[in-house]
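>>> I would like the atomic coordinates for the input below:
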Amino acid sequence: MNVWKQDIAAKNTAVEPAPHPWHRLVALGDSFTEGIGDPEPRSEGGLRGWADRVAEELSANQPDFAYANLAVRGLLVQQILDHQLAAAVALKPDLVTLSAGGNDIVFRRSDPDRLAEKIDDGVAQLARSGATVVLFAGPDWGATPVFSQIRGKVAIFNENLHAVAARHDAVMVDLWFLRELSNPGMWDPDRLHFSPLGHHTIAGAVLKALGVPHTLEPLAPKPPLPRSWKEARTEDLIWAREYLVPWVIRQLKHPAAGELTAKRPEPRPVFGNGTPPGPFIGGGHAA
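Below you'll find the model as predicted:
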């Protein structure tokens, strides 16, 4: 696998960021990669997200490191490939992350096999450029009302993505088996996107998959207080009214891809113009 291997013990402890072979990261995808759910006024577009957090770590002790984020919320797989793939290759990255398919599976009930075929073609192009490619298997929404009905499709899509990663020597970040993400504190109130803690946790998983030591300390949120069946269903109804229905309506009225722009279209130093990193969740190191 085309991934940097450090001769260190595999421990879940924070260490000083170490040298690695990458100098230019380009992130492709939708709202997951754009950073929805992780607001940070000091970050471009007002969002931070796991990709920014990964770039922050990779830029440590790497003075020439540059990062671009082409992700745009709400896009489908074909739109991501049509509008971001060629642009990413043109930026000549040596590290590319690609996450796509969530909107297709959730809102279009698309065929997971055909989606994987499209992604396979895109990954092939990225791999031919010589860049290390990072892919993501989606999280397990089994405990989520409504979305639990598509759990089987997500699982099939994930297995297809594992095959794509193996075929093209890509790095796989498997969110399905990242069981920490089952904690409600990892999710935004809309239950569709990750919270700052969720993005922080995913950033750590990406760096672990790349074999890069980092300073992101794993956090263990307290379990939620037990709720009665009635309280849980009431909360589900409120969530559906305030988040799910408006989100579905926005998807049905989806704007043309050209109407939305990437928050970071050009690769630049991570903290250009003197912008400091955002606060660490819970204090301590910058996450």
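
>>> low-confidence ranges, the stretch 151-287 of the chain, go.
For the stretch 151-287 of the chain, the stretches flagged by pLDDT under 70 are 220-260, 271-287.

>>> residue 31 and residue 76 touch, don't they?
No - in this structure, residue 31 is not within contact of residue 76 by C-beta atoms under 8 Å, at 11.9 Å. To be clear about C-beta, it is placed using only N, CA and C from the backbone, and glycine gets the same treatment.

>>> show the pLDDT at the closest residue to residue 65 other than its chain neighbours.
Leaving aside its sequence neighbours, residue 65 sits nearest to residue 59 (C-beta to C-beta, 6 or more residues apart in numbering; 4.2 Å). With respect to pLDDT, residue 59 scores 91.

>>> how many residues are close by residue 59?
20 (other C-beta atoms under 10 Å).

>>> buried residues in the helix or strand hosting residue 79, which are they?
Per DSSP states H and E: residue 79 is located in helix 77-80. Applying a neighbour-count criterion of 16 or more other C-beta atoms under 10 Å, one finds 77, 79-80 buried in helix 77-80.

>>> one more: stretch 151-167?
For stretch 151-167, a neighbour-count test (16+ other C-beta under 10 Å) marks 153-158, 160-162, 164-165 as buried.

>>> how far does the helix holding residue 79 sit from the chain's center?
Taking the mean of its C-alpha atoms, helix 77-80 sits 16 Å from the chain's own mean (C-alpha atoms, centre = their mean, to the nearest Å).

>>> repeat that for stretch 41-51.
That offset, for stretch 41-51, works out to 13 Å (C-alpha atoms, centre = their mean).

>>> only alpha carbons, please: show it as PDB.
Listed next in PDB are the C-alpha coordinates belonging to stretch 41-51 (Å, rounded to 0.1, in the frame of the first residue of the first chain):
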ATOM      1  CA  PRO A  41     -14.900  31.800  12.200                       C
ATOM      2  CA  ARG A  42     -11.200  32.000  11.800                       C
ATOM      3  CA  SER A  43     -11.100  29.200   9.100                       C
ATOM      4  CA  GLU A  44     -11.900  29.900   5.500                       C
ATOM      5  CA  GLY A  45     -15.600  29.600   4.800                       C
ATOM      6  CA  GLY A  46     -16.300  29.700   8.500                       C
ATOM      7  CA  LEU A  47     -15.700  25.900   8.700                       C
ATOM      8  CA  ARG A  48     -12.800  23.800   9.900                       C
ATOM      9  CA  GLY A  49     -13.600  20.100   9.600                       C
ATOM     10  CA  TRP A  50     -11.400  17.000   9.600                       C
ATOM     11  CA  ALA A  51      -9.600  17.900   6.400                       C
END
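
>>> can you get me a residue count around residue 73?
Residue 73: 18 neighbours (other C-beta under 10 Å).

>>> got the contact list for it?
By C-beta atoms under 8 Å, 6 or more residues apart in numbering, residue 73 lies in contact with 30-31, 34, 36, 260.

>>> could you do residue 156 as well?
Residues near residue 156 by C-beta under 8 Å, 6+ apart: 112-113.

>>> kindly report the same for residue 151.
140-142.

>>> can you pick the most crowded of those residues?
Within those, residue 141 tops the neighbour count with 23 neighbours, counted by other C-beta under 10 Å.

>>> quick check, nearest of the buried residues of helix 77-80 to residue 179?
residue 77 (26.5 Å; C-beta to C-beta).

>>> is it true that that closest one touches residue 114?
No - checked against C-beta under 8 Å, the pair residue 77 and residue 114 is beyond contact range at 9.3 Å.

>>> now, the buried residues of stretch 151-167 that are in helices?
Counted as lying in helices by DSSP state H, out of the buried residues of stretch 151-167, are 153-158, 160-162, 164-165.
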